[in-house]
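Chemist: mind looking at a prediction? Sequence and model below.
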Amino acid sequence: MSLSKKKRKKRKPRKGFTRSRKEWEESLATHIGKVVDNLSGKDLADLALVGGLAYLGYYHLKNPVGLLYGPVCLKLATSMNSTAGIAGTLGLVSLGLPFVFSGLAGTTPTRKTDTIDKYREEHGGEEPSEASLTFDPQFSECPEGYFLTRDSFGEVICMPKNPFG
């Protein structure tokens, strides 16, 4: 019995990062084409769901960290661990409740841009100051060291200017 070495398939030398612009464009087009060919309807639905949850998280938290909140809650809610599932479900509920309650009340949650547009309409296009944006008829003013804002449920609340001090 003879021991013969398997012939190795010759590999093309890899280009690495030393490609021309045309080669980069061809490579990118090939990769994008493969991704599009392998996409299914379920993948597109999942992408839309995660994108929508990321937007809701950003909308409610008004912070770029909110972009991660919705997708992480979804991942937790679909995990096999019961504690993580409950935490994820509660997180997803917290994203949806403001819209349920605002729908029952016949309103939509107010954002600062909505307030700015309303102020411009009422004052003939004049740009609002920060003080005029925080005014709400429910409050005459907040205590010293606090400012008016809306929570994720659309309620006007007084928040500390420096929560750590």
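Modeler: Nice, I can see it.
Chemist: after the helix or strand of the chain with the lowest mean pLDDT comes which helix or strand?
Modeler: Ranked by mean pLDDT, DSSP states H and E, the weakest helix or strand in the chain is helix 130-133, scoring a mean of 50. As assigned by DSSP states H and E, the chain's next helix or strand after helix 130-133 is strand 146-150.
Chemist: pull the CA atoms of the helix or strand hosting V50 into CSV?
Modeler: Assigned by DSSP H and E, V50 belongs to helix 41-61. The C-alpha trace of helix 41-61 is given here as CSV (Å, rounded to 0.1, in the frame of the first residue of the first chain):
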residue,chain,number,x,y,z
GLY,A,41,-39.5,36.6,3.1
LYS,A,42,-38.9,35.6,6.8
ASP,A,43,-35.5,37.4,6.8
LEU,A,44,-37.1,40.6,5.4
ALA,A,45,-40.0,40.4,8.0
ASP,A,46,-37.4,39.9,10.8
LEU,A,47,-35.4,42.9,9.5
ALA,A,48,-38.5,45.0,9.5
LEU,A,49,-39.4,43.9,13.0
VAL,A,50,-36.0,44.6,14.4
GLY,A,51,-35.9,48.0,12.6
GLY,A,52,-39.3,48.9,13.9
LEU,A,53,-38.3,48.0,17.5
ALA,A,54,-35.1,49.9,17.2
TYR,A,55,-37.0,53.0,16.1
LEU,A,56,-39.5,52.6,19.0
GLY,A,57,-36.7,52.3,21.5
TYR,A,58,-35.0,55.4,20.1
TYR,A,59,-38.4,57.2,20.1
HIS,A,60,-39.2,56.5,23.7
LEU,A,61,-35.7,56.8,25.2
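Chemist: who's in contact with the helix or strand following it?
Modeler: With elements assigned by DSSP H and E, the helix or strand that comes after helix 41-61 is helix 66-77. For helix 66-77, the external contacting residues (Cβ atoms under 8 Å, 6 or more residues apart in numbering) are 49-50, 52-61, 84-85, 87-89, 91-92, 95. C-betas here are computed from N, CA, C, even on glycine.
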